[in-house]
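# Turn this into a structure:
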Amino acid sequence: MSFRLKSSTADGQLQEVFGAPVAELYAGATGPDAPAALARALELRSFLALAEEQVARVRDRVHEAMAPDRDMGELSAGDLRFDAQWLEAALDARDSYRAALGELLRTMPPPDQQSRAVRTVQPMVAAVLPPSLAAPAPTRAGAARARRP
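Here you go, the predicted structure:
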């Protein structure tokens, strides 16, 4: 399943900031006038959705292993330790993506002030010295100096 279609905990915040549902934001992010902040926000949102999916999978696996009707002989401390490590890594990733996305949304300019970068041409001034002031290049320009004993 595409993580563009998977919901994330940041979808409401993205919709509030950009003023459109997430599906529309993904469609608009490919256009030539799409703000760079939108593309970055959606990339972080995709990573967040993936991390949240990992958290949910591990959680569900642990719940299944610990179900009351499950045979206690099937429990494995090693598997549960591994799941705990995986859950910790997934939670760290989720928290990092949420923090990065939150920081991006806090620091970007408001959507009504976002504009595409305008390229300006800087005039270039070329200065040419008159031949009387221009010094000729030394005859050995760039040559290595010989060492003297």
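# what about the nearest residue to A90 once chain neighbours are set aside, how many residues close to it?
Distances taken as Cβ to Cβ, 6 or more residues apart in numbering place Q54 nearest to A90, at 4.0 Å, with adjacent residues excluded. C-betas here are computed from N, CA, C, even on glycine. Residues near Q54, counting by other Cβ atoms under 10 Å, number 17.
# Could you check the pLDDT of Q54?
Listed pLDDT for Q54 reads 96.
# quick one: it and A93 touch, right?
Yes. Counting by Cβ atoms under 8 Å, Q54 does reach A93; the two are 7.4 Å apart.
# Please report the distance of the closest residue to S7 other than its chain neighbours from Y26.
Spatial nearest neighbour of S7, excluding adjacent residues (Cβ to Cβ, 6+ apart): A49 at 7.2 Å. Distance, A49 to Y26, using Cβ to Cβ, to the nearest Å: 12 Å.
# Check S8 too.
In terms of Cβ to Cβ, S8 sits 12 Å off from Y26.
# now K6, what's its secondary structure?
Judged by DSSP: H, G, I helix; E, B strand; the rest coil, the three-state class of K6 is coil.
# how much space between it and R94?
13 Å.
# same deal with A20?
24 Å.
# Among the two, which residue is more densely surrounded?
Higher neighbour count among A20 and R94: R94, with 21 against 15, using other Cβ under 10 Å.
# Please identify the buried residues of the helix or strand the more buried one falls within?
According to DSSP states H and E, R94 maps onto helix 77-107. Residues of helix 77-107 classed as buried by neighbour count (16 or more other Cβ atoms under 10 Å): 83, 86-87, 90-91, 93-94, 97-98, 100-101, 105.
# just checking, what packs against that helix?
Using 3 or more Cβ pairs under 8 Å, 6 or more residues apart in numbering; DSSP states H and E as the contact test, the elements touching helix 77-107 are helix 11-18, helix 36-65.
# Show the contacting residues for the closest residue to S76 other than its chain neighbours.
Leaving aside its chain neighbours, S76 sits nearest to A65 (8.0 Å; criterion: Cβ to Cβ, 6+ apart). Listed by Cβ atoms under 8 Å, 6 or more residues apart in numbering, the contact set of A65 reads 74-76, 79-80, 83.
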